[in-house]
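Colleague: coords please:
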Amino acid sequence: MADNRIYNFSAGPSMLPVPVLERCASEMLNYKGSGMSVMEMSHRSKVYDGIIKETEAALRRVLSIPDNYKVLFLQGGATTQFAAIPMNLMKTGKADYAITGNFANNAYKEAVKFGDIHVAFSSKEGNFDRVPTQGELDIRPDADYFYICANNTIYGTEYQYDPETPAGVPLVADMSSNILSKPVDVSKYGVIYAGAQKNMGPAGVTVVIVREDLLGNYPLEKYPVMLDWKTMADKDSMYNTPPTYGIYVLGLVLEWVEQMGGVKVMQERAAKRSSMLYDYLDSQNFYKAVAEKASRSHMNVTFRTGNDELDAKFAKESAAAGMSNLKGHRSVGGMRASIYNAMPIEGVEYLIDFMKKFAAENA
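Modeller: The predicted model follows:
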């Protein structure tokens, strides 16, 4: 990496494309002749109005978002949406959840406060080492929505398909950790939402993509206005001051994605990075991949040696070798390599070389 930068394998906030960081630096003091930084700019100004509108237009292009979907730029992280989803979507008081990891489980626990929440699938018994097949999903036909977490950063699992739901049951997906990594048929989803701090930009922005007919169907008078999607949509994400700088950086990331060739190219790069790592893991016996093969994530690769002391040694020595955040989450242990869009192929090659060396020295 140039300029003494390390390979950052953090699950989030995670590394950003170097051209985006360079652009941020070049425009920090004076954005396009405005005489000020975007950080200082009024969200009501004509200049900033151009930034947020260009960012939304770019997101619509990159993800091919249909015209009957609203795009919201919100605050509070994806976690705030755990409550906003039942608040905005529950009409009969029923919803179904697939629990495939920590964040899906947290969303489920929040939703239970609002109604009758049915577990349509859980992989808890296997320590969340897989996602369900379509045939394993038990979705009620009268549910107000069905919820999934599309990629599980902690356990390294990812849906490789779009779940089908009974007629009239919207599919809701948390795509915080795999959005922009592949093409998505948005029309198959009622709601897609994502925290920005993995593939989209810095922490602080949450994107919600919601089908228009799902807005305003539930009386939200007793709930905080900040969680009302219709209010935010009616005000073009400007009901209050939005996360202005984060939206600006998201716009730059989207510009980078387009320049690189779009989400199809991102998908090809993700497949190459992850297959390199999984192929190595499958070719030897020192490390063991955690997730089941059919559920393996292209974004977060989890593995372990089987020895806690060796795992700790790996984390320490990899950091000394110029790689950060390879220690696995405390609930899984072992190691985790988060290889989002901005991770260059060279970073994965460097990691594999280190893994081979570490295995040879510690076998």
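
Colleague: per-residue confidence for residue 2?
Modeller: At residue 2, the model reports a pLDDT of 53.

Colleague: and what of the one 3 residues further on?
Modeller: Predicted confidence (pLDDT) for residue 5: 93.

Colleague: ranges for the strands of the stretch 151-300 of the chain?
Modeller: 151-152, 157-158, 171-174, 191-195, 206-211, 288-289, 300-304 (DSSP state E, counting those that start in this stretch).

Colleague: show me what the third one is packed up against.
Modeller: This means strand 171-174. helix 77-89, helix 102-111, strand 146-149, strand 191-195 (3 or more CB pairs under 8 Å, 6 or more residues apart in numbering; DSSP states H and E). The C-beta positions use only the backbone N, C-alpha and C, and glycine is treated the same way.

Colleague: now do the first one: which elements does it pack against?
Modeller: Meaning helix 77-89. When contacts are defined as 3+ CB pairs under 8 Å, 6+ apart, helix 77-89 sits against helix 102-111, strand 171-174, strand 191-195, strand 206-211, helix 229-234.

Colleague: report the rounded mean pLDDT for that helix.
Modeller: Per-region confidence: helix 77-89 scores 97 on mean pLDDT.

Colleague: same question for stretch 119-138.
Modeller: In this model, stretch 119-138 has a mean pLDDT of 97.

Colleague: now do the buried residues in that stretch.
Modeller: Across stretch 119-138, burial judged by 16 or more other CB atoms under 10 Å covers 120-123, 128-132, 137.

Colleague: now secondary structure too, for the residues you listed, in TSV please.
Modeller: TSV is the format used below for the buried residues of stretch 119-138 (DSSP: H, G, I helix; E, B strand; the rest coil):
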residue	secondary structure
120	strand
121	strand
122	strand
123	coil
128	coil
129	coil
130	coil
131	coil
132	coil
137	coil
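
Colleague: could you export those residues as CSV, including distance to residue 242?
Modeller: Formatted as CSV, these follow (distance: CB to CB, whole Å):
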residue, distance to residue 242
120, 34
121, 35
122, 36
123, 36
128, 34
129, 38
130, 37
131, 33
132, 36
137, 35
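
Colleague: with these in mind, which one is nearest to residue 353?
Modeller: For those, the minimum distance to residue 353 (CB to CB) is 27.2 Å, reached by residue 129.

Colleague: dihedrals phi and psi, that closest one?
Modeller: Main-chain torsions, residue 129, degrees, to the nearest 10: phi -90, psi 0.

Colleague: and if you look at the one 5 residues further on?
Modeller: For residue 134, the backbone dihedrals (degrees, to the nearest 10) come out as phi -60, psi -40.

Colleague: roughly how far does it sit from residue 349?
Modeller: In this view, residue 134 and residue 349 are 36 Å apart by CB to CB, to the nearest Å.

Colleague: how about the helices in the stretch 251-363 of the chain?
Modeller: Remark: helices assigned in the stretch 251-363 of the chain by DSSP state H, counting those that start in this stretch are 263-282, 308-320, 345-362.

Colleague: let me have those in a markdown table, extended by mean pLDDT.
Modeller: Output for these, formatted as a markdown table (pLDDT from 0 to 100):
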| stretch | mean pLDDT |
| --- | --- |
| helix 263-282 | 98 |
| helix 308-320 | 97 |
| helix 345-362 | 98 |
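
Colleague: among the ones you listed, which is nearest residue 188?
Modeller: helix 263-282 (15.4 Å).

Colleague: most tightly surrounded among the helices and strands packed on strand 171-174?
Modeller: By mean neighbour count, with neighbours taken as mean count of other CB atoms under 10 Å, strand 146-149 ranks first of those at a mean of 26.

Colleague: the nearest residue in space to residue 347 that is not next to it in sequence pairs with what?
Modeller: Spatially, and ignoring its direct neighbours in sequence, residue 347 is nearest to residue 7 (4.1 Å; CB to CB, 6 or more residues apart in numbering). Applying DSSP bridges to residue 7 yields these beta-bridge partners: residue 323.
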